[in-house]
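# Let's see this in three dimensions:
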Amino acid sequence: MAKEPILVLAATGGQGRAVTDALLGRGAPVRALVRDPGRPAARALADRGVEVVAGSLSDPGSLAPAMTGVAGVFAFTTPFESGVEAEVAQGRAILNAAHRERVPHLVFSSVAGADQDSGVPHFDSKARVEAELTSGDVPYTILGPTYFFDNALGEAERILGGVLELPLPSDRPLQQLARPDLGAFAAEVLLHPAAYAGQRLELAGDAPTPARMAATLSEILGREVRHEQVPLTAIGNPDMHAMWTFLNGPGYHVDIPALHGAHPEIHWTTFADWARRAFAGAR
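Residues are numbered from 1 along each chain as shown. Down below sits the predicted model:
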């Protein structure tokens, strides 16, 4: 077990929170980088024994001090605030700080399919960060999560109203992942870095079709939920249009049985498991 803390960047976000929870669950010391230590989410981390430090991905000067004396770093970048070039700049700032502080191991959360020349802007920006990471001197592991189950919660009201909207045919499997499973896997890598150094690992917990997702939601909610295929032409955001075009085409290529067989220590969440928790009490 690491005596030095493990730094989690963007620790109050979805991925950072999942990794922090998993590390704390295994008794590991955690340092969390947050924009505002005074916010309730940050104070809640401090109340759990997390060392909370101020900083952000958009403030490169805050990264190196946060990385001083750590056993490892969980890194995450995002294009959804300031665009893909800003995401690449975030990645470079993280890598520069990790190099400067001689970070022993950096786990970078990218995305499944980033190595497929997908044409998806937010996949390609992560691929650029990956390329700089693999060509540098910071020991690393790259994780590539697939579509997160809880992305469906953006349309929770429509689901409760009986419609699951997805831009996929009803019989097209969509590989997906629970955020806590990403957190558990990242914690395993951070606590046993030698076994994962230099690897790129893509992660998925289940691959339900929209038809199966709708049937599962119908059973859980006790009323019919039907899948409605959203036309690609109705997706106005160019990045999201490119992503759903990719998912309708080549899509993710995670060998789920092999992944789960190699990592039985992870409690891989099925869509049904996730949906029961997400919609508990919604009948």
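# separation between Pro173 and Ala214?
With the distance defined as CB to CB, to the nearest Å, Pro173 ends up 14 Å from Ala214. Placement of C-beta: from N, CA and C, glycine included.
# make that Ala272, sorry
Distance of Ala272 to Ala214, given as CB to CB: 12 Å.
# who's more crowded, the two?
Set Ala272 next to Ala214 and count neighbours by other CB atoms under 10 Å: Ala214 wins out with 22 against 16.
# So for stretch 255-265, what gets flagged as buried?
Going by neighbour count (16 or more other CB atoms under 10 Å), the buried part of stretch 255-265 is 256, 259.
# Kindly report the same for stretch 227-242.
Quick answer for stretch 227-242 (16+ other CB under 10 Å): 227, 235, 239, 241-242.
# For the helix or strand of the chain with the lowest mean pLDDT, name the packing helices and strands.
Using mean pLDDT, DSSP states H and E, helix 156-160 stands out as the lowest-scoring helix or strand of the chain, at a mean of 93. Under the contact criterion of 3 or more CB pairs under 8 Å, 6 or more residues apart in numbering; DSSP states H and E, helix 156-160 touches helix 210-221.
# switch the cut-off to 6 Å
Packing partners of helix 156-160 (3 or more CB pairs under 6 Å, 6 or more residues apart in numbering; DSSP states H and E): none among the helices and strands.
# what is the rounded mean pLDDT of the helix or strand just after it?
Using DSSP states H and E, the next helix or strand after helix 156-160 towards the C-terminus is strand 163-166. For strand 163-166, mean pLDDT rounds to 96.
# Now do the helix or strand just after strand 163-166: everything it contacts.
Using DSSP H and E, the next helix or strand after strand 163-166 towards the C-terminus is strand 176-177. By CB atoms under 6 Å, 6 or more residues apart in numbering, the residues outside strand 176-177 that reach it are 145-149, 203-206.
# can you rerun that using 8 Å?
145-149, 203-208, 269, 271 (CB atoms under 8 Å, 6 or more residues apart in numbering).
# The residues you listed in helices, which ones?
Among the contacts of strand 176-177, the members found in helices (DSSP state H) are Phe271.
# In a markdown table, list the contacts of strand 176-177 along with distance to Gly49, pLDDT and neighbour count.
Compiled in a markdown table, the contacts of strand 176-177 are given as follows (distance: CB to CB, whole Å; pLDDT from 0 to 100; neighbours: other CB atoms under 10 Å):
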| residue | distance to Gly49 | pLDDT | neighbour count |
| --- | --- | --- | --- |
| Pro145 | 27 | 98 | 26 |
| Thr146 | 32 | 98 | 25 |
| Tyr147 | 33 | 96 | 21 |
| Phe148 | 27 | 97 | 19 |
| Phe149 | 29 | 96 | 25 |
| Leu203 | 27 | 98 | 24 |
| Ala204 | 32 | 98 | 24 |
| Gly205 | 29 | 98 | 27 |
| Asp206 | 33 | 98 | 24 |
| Ala207 | 37 | 98 | 19 |
| Pro208 | 37 | 97 | 19 |
| Thr269 | 26 | 98 | 20 |
| Phe271 | 33 | 97 | 22 |
